[in-house]
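J.: Generate coordinates for the sequence data below:
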Amino acid sequence: MIDYTYTQATEFGEAMIQLFDIVTLLRSPEGCPWDRKQTNKSVATNLLDETYEYIDALQENDKHGASEEIGDVLLNIMLLLEMHKEHEDFDIVGSINAVCEKLIRRHPHVFSTEKADDSDQVADLWNKIKIEVEGKKAAPDDFFSRIPKTLPPLEMANEIQKKIKRVGFDWPEKQGVIDKIKEELDEVIEADSAIERIEEDVELELGDLLFSVVNYARYLHISPSVALHRSNQKMRRRFNALQDICLKRGILLEKENFEIMDSIWDEVKELESNTK
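T.: Numbering: from 1, shown residues only. This next block holds a predicted model:
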């Protein structure tokens with residue numbers, strides 16, 4: 001047992017220090033077996049999960065939920081900092097100092113005399129500093145070497161497209177992106193309906209279609225991962241409502257009742273639309 005007395009903090013700095021102190025105690029030999037067992041990778045995965053839960057709360061305009069979830073995000077960040085401190089990987093204060101210095105260095109339009117009147121000019125300035133001042137250049141044989149290899153496929157596609165946009169390889173108008181999606185969809189259908197259908201060809205064409213849709217999301221300044229996450233949540237919500245109605249009406253969830261379920265699905269959509 002650890003002798004610890006919790007007192008509610010009244011200032012931001014005090015609260016952050018207290019959270020880090022509690023995390024340190026949990027990771028100590030006298031602390032929690034579960035917390036001691038965690039690794040950088042497991043905590044980083046939890047951080048992603050908590051971030052999506054925070055996004056859910058934002059989408060639902062749940063301020064109490066957002067407050068709780070952003071606390072969980074901070075908890076996982078503190079856990080990661082404590083782990084690096086334990087392993088003496090680097091100075092965590094130095095890491096925070098470095099990001100402060102980087103923010104000032106990459107915002108000369110705020111902290112110095114450079115000019116940037118819109119977000120595109122800011123992005124150009126940011127990337128120029130990364131390359132010319134910080135020396136963060138792509139490998140000579142891999143234009144995309146600065147993109148993390150562990151990114152999920154949707155985010156990887158998004159980052160690839162953003163990088164090639166910076167050198168001008170991009171559709172000049174939105175319609176070009178839309179036409180490309182239609183073209184790729186036609187190619188998927190063609191590959192799928194071929195007399196000698198080849199599974200790998202269908203898979204590749206489907207990948208091209210998804211890549212084009214991600215490109216459209218980038219063009220609209222929308223995160224494809226967040227957009228898909230919202231659609232997943234919507235499907236879960238609506239199908240759970242459909243299931244509830246079917247249970248109340250004694251309708252089995254099976255393919256023989258598809259037409260009935262499809263009709264109920266329309267009911268659920270209309271009810272959801274009327275309650276917005």
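J.: How far away from the center of its chain is the lowest-mean-pLDDT helix or strand in the chain?
T.: Ranked by mean pLDDT, DSSP states H and E, the weakest helix or strand in the chain is helix 119-132, scoring a mean of 88. Using C-alpha atoms, centre = their mean, to the nearest Å, the distance from the centre of helix 119-132 to the centre of the chain it belongs to is 22 Å.
J.: which parts of it are buried?
T.: Neighbour-count burial for helix 119-132 flags 122, 125, 129-130 (criterion: 16 or more other C-beta atoms under 10 Å). In this view, the C-beta of every residue, glycine as well, is placed from N, C-alpha and C.
J.: Is it possible to get CSV of those residues that adds distance to residue 76?
T.: Below are the buried residues of helix 119-132 laid out as CSV (distance: C-beta to C-beta, whole Å):
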residue, distance to residue 76
122, 29
125, 32
129, 29
130, 27
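J.: Check which helices and strands the least confident helix or strand of the chain sits against.
T.: Other elements packing on helix 119-132 under the criterion 3 or more C-beta pairs under 8 Å, 6 or more residues apart in numbering; DSSP states H and E are helix 108-111.
J.: what comes up buried for the helix it packs on?
T.: Neighbour-count burial for helix 108-111 flags residue 108 (criterion: 16+ other C-beta under 10 Å).
J.: I'd like the distance between residue 244 and residue 9.
T.: 43 Å (C-beta to C-beta, to the nearest Å).
J.: Repeat that for residue 65.
T.: 21 Å.
J.: Repeat that for residue 213.
T.: According to C-beta to C-beta, residue 213 stands 45 Å off from residue 9.
J.: try residue 232
T.: Applying C-beta to C-beta to residue 232 and residue 9 gives a distance of 36 Å.
J.: Equivalent analysis for residue 160, please.
T.: Residue 160 is 43 Å from residue 9, by C-beta to C-beta.
J.: Settle it for me: which of these two has more neighbours?
T.: Taking other C-beta atoms under 10 Å, residue 160 and residue 9 do not tie; residue 160 has more neighbours (18 against 13).
J.: Can you check the pLDDT for the nearest residue to the more buried one once chain neighbours are set aside?
T.: Using C-beta to C-beta, 6 or more residues apart in numbering and skipping the chain neighbours, the partner closest in space to residue 160 is residue 144 (5.9 Å). Note on residue 144: pLDDT of 93.
J.: surely residue 144 meets residue 138?
T.: Yes: Residue 144 is in contact with residue 138 according to C-beta atoms under 8 Å; the separation is 6.9 Å.
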